[in-house]
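Enquirer: No letters, just coordinates:
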């Protein structure tokens, strides 16, 4: 199981490449793909479980903005 996040309608999830990752490393790591699974949903909310390579960082854009600002 990967990272589980809850999103409302219209909210997003951002995938960023870990700094220092080469194009070749990323290509090789993504050969298994990215898995996004709906864990739970209710009216306007859904819980998603995201499993991917450690070379991708998963964040909510509002968290990303705080880190950059």
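Expert: In hand now; what should we look at? Just so it is clear, the structure is predicted and the values come from calculations on it, not from any experiment. Residues are numbered from 1 along each chain as shown.
Enquirer: could you show me where the strands are in the protein, in order?
Expert: Listed from the start of the chain, the chain has strands (DSSP state E) covering 3-8, 14-17, 35-42, 45-51, 56-59.
Enquirer: closest one to residue 26 among the ones you listed?
Expert: For those, the distance to residue 26 is smallest for strand 14-17, at 6.1 Å, taking C-beta to C-beta. C-beta here means a position set from N, CA and C on the backbone, and glycine is covered the same way.
Enquirer: which helices and strands sit right next to the closest one?
Expert: strand 56-59, helix 61-68 (3 or more C-beta pairs under 8 Å, 6 or more residues apart in numbering; DSSP states H and E).
Enquirer: Endpoint to endpoint, stretch 29-39 covers what distance?
Expert: Terminal residues of stretch 29-39 are spaced 24 Å apart (C-alpha to C-alpha, to the nearest Å).
Enquirer: buried set for that stretch?
Expert: residue 29 (16 or more other C-beta atoms under 10 Å).
Enquirer: got JSON lines for the strands of the chain, with distance to residue 29 and mean pLDDT too?
Expert: Conversion of these to JSON lines gives the following (distance: least, C-beta to C-beta, whole Å; pLDDT from 0 to 100):
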{"stretch": "strand 3-8", "distance to residue 29": "16", "mean pLDDT": "86"}
{"stretch": "strand 14-17", "distance to residue 29": "10", "mean pLDDT": "90"}
{"stretch": "strand 35-42", "distance to residue 29": "13", "mean pLDDT": "92"}
{"stretch": "strand 45-51", "distance to residue 29": "12", "mean pLDDT": "92"}
{"stretch": "strand 56-59", "distance to residue 29": "8", "mean pLDDT": "86"}
